[in-house]
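*Asks:* Sequence plus the predicted model coming up.
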Amino acid sequence: MWMFIAREPSPEAPYWRGRRAMALVDALLWPLIGVLLLRHAVGFATVTGSVMLWALVGLALHRMSRAWWANSRYHFTTWRLAKVMLALLVLGAILKIMMTSAG
């Protein structure tokens with residue numbers, strides 16, 4: 001049995017001055033990091049490496065077009081990842097404090 005749940009679309013992001021330029025930087029930053037990591041991989045010269053490289057280029061183009069033309073629908077990846085990393089950092093600090101006070 002299939003069950004489909006329709007989600008509401010996320011609300012439009014508020015526009016502020018400089019948002020479009022920062023969105024373009026954010027849209028290019030993460031695929032560029034992926035390309036740099038891929039270039040340092042051992043099997044970069046294989047067919048799989050080439051396909052992954054072109055997939056990252058396509059992803060960058062898609063993200064750039066959304067950041068420029070549909071800016072109110074673009075959500076920053078850096079902000080999303082920064083919140084996760086901050087939560088992990090706080091959790092690690094709490095665990096370190098608990099381990100040092102227990103011993």
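*Replies:* Yep, it's here. Numbering: from 1, shown residues only.
*Asks:* gap between the two ends of stretch 59-79?
*Replies:* End-to-end distance for stretch 59-79, by Cα to Cα, to the nearest Å: 18 Å.
*Asks:* average model confidence for it?
*Replies:* Across stretch 59-79, pLDDT averages out at 92.
*Asks:* which of the residues in whichever strand or helix holds Met85 are buried?
*Replies:* Using DSSP states H and E, Met85 sits in helix 77-102. Buried residues in helix 77-102, counting neighbours by 16 or more other Cβ atoms under 10 Å, are absent. The way it works is simple: take the backbone N, C-alpha and C, and place the C-beta from them, glycine included.
*Asks:* cool, and stretch 19-33?
*Replies:* If you call a residue buried by 16+ other Cβ under 10 Å, then stretch 19-33 has these buried ones: 19, 23-24, 26-27, 30-31.
*Asks:* mind giving me a markdown table with those and columns for pLDDT, distance to Thr46 and secondary structure?
*Replies:* Shown next, in a markdown table, are those (pLDDT from 0 to 100; distance: Cβ to Cβ, whole Å; DSSP: H, G, I helix; E, B strand; the rest coil):
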| residue | pLDDT | distance to Thr46 | secondary structure |
| --- | --- | --- | --- |
| Arg19 | 92 | 39 | helix |
| Ala23 | 94 | 33 | helix |
| Leu24 | 95 | 31 | helix |
| Asp26 | 95 | 30 | helix |
| Ala27 | 94 | 27 | helix |
| Trp30 | 93 | 23 | helix |
| Pro31 | 94 | 20 | helix |
